[in-house]
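>>> following is a predicted model, sequence given first.
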Amino acid sequence: MMSLREKMCSAMEEKFFKALRKGWHIITVEELKDRLDREEKIFLLDVRELDEFSSGHIEGAVNIPIHDVPNRMKELPEELDHPIVVMCLSGARSAYATMFLRVFGYNNVKNLDFGMSGWMNKGFPVAKEV
């Protein structure tokens, strides 16, 4: 049986997602590469573990593992409209972080579709320093 808290969260989540337009939370690797090539100011948030991040990440990305995001919010842009792209290996963990940030008040946050796997499969550059 669901607790009152779980019921409330479920109802809020259902209302929240119904109000969003399709694809609100996705950016393709090609779109991100194009925006970075144009030197747009985008906060890149990589939510993988440090060893994953060290093995290859997008230049300029900030590594905050998914389980640390709620405790490290001060490291994110103060401006809630600032563009943020969240990534992990496949796009699954980053989807959760994207939803969390959206609920927290960030309204210009996107999940990198297919994550770093998609980025690397396209042969886009990766950095390996930490």
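Arrived safely.
>>> quick one: the strands in the chain?
Along the chain, the segments classed as strands by DSSP state E run 26-27, 43-46, 62-63, 84-87, 109-112.
>>> and these as JSON lines, adding mean pLDDT?
Shown next, in JSON lines, are the strands of the chain (pLDDT from 0 to 100):
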{"stretch": "strand 26-27", "mean pLDDT": "94"}
{"stretch": "strand 43-46", "mean pLDDT": "98"}
{"stretch": "strand 62-63", "mean pLDDT": "98"}
{"stretch": "strand 84-87", "mean pLDDT": "98"}
{"stretch": "strand 109-112", "mean pLDDT": "95"}
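>>> and the spatially most central residue of the chain, what are its bridge partners?
Compute the mean C-alpha point of the chain, and by C-alpha atoms, centre = their mean the closest residue is Val86, 1.8 Å away. Per DSSP bridges, the residues bridged to Val86 are Leu45, Asn111.
>>> for it, what are its contacts?
With contacts defined as C-beta atoms under 8 Å, 6 or more residues apart in numbering, the neighbours of Val86 are 45-47, 94, 97-98, 101, 109-112. For glycine as for every other residue, the C-beta is placed from the backbone atoms N, C-alpha and C.
>>> before we move on, what about Pro125?
Pro125 makes contact with 58-59, according to C-beta under 8 Å, 6+ apart.
>>> please report the distance of it from Met116.
12 Å (C-beta to C-beta, to the nearest Å).
>>> now Val29
Between Val29 and Met116 the computed distance is 9 Å (C-beta to C-beta).
>>> if we can go back for a sec, want to try a markdown table for the strands of the chain, with distance to Val69 as columns?
Output for those, formatted as a markdown table (distance: least, C-beta to C-beta, whole Å):
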| stretch | distance to Val69 |
| --- | --- |
| strand 26-27 | 18 |
| strand 43-46 | 8 |
| strand 62-63 | 11 |
| strand 84-87 | 9 |
| strand 109-112 | 12 |
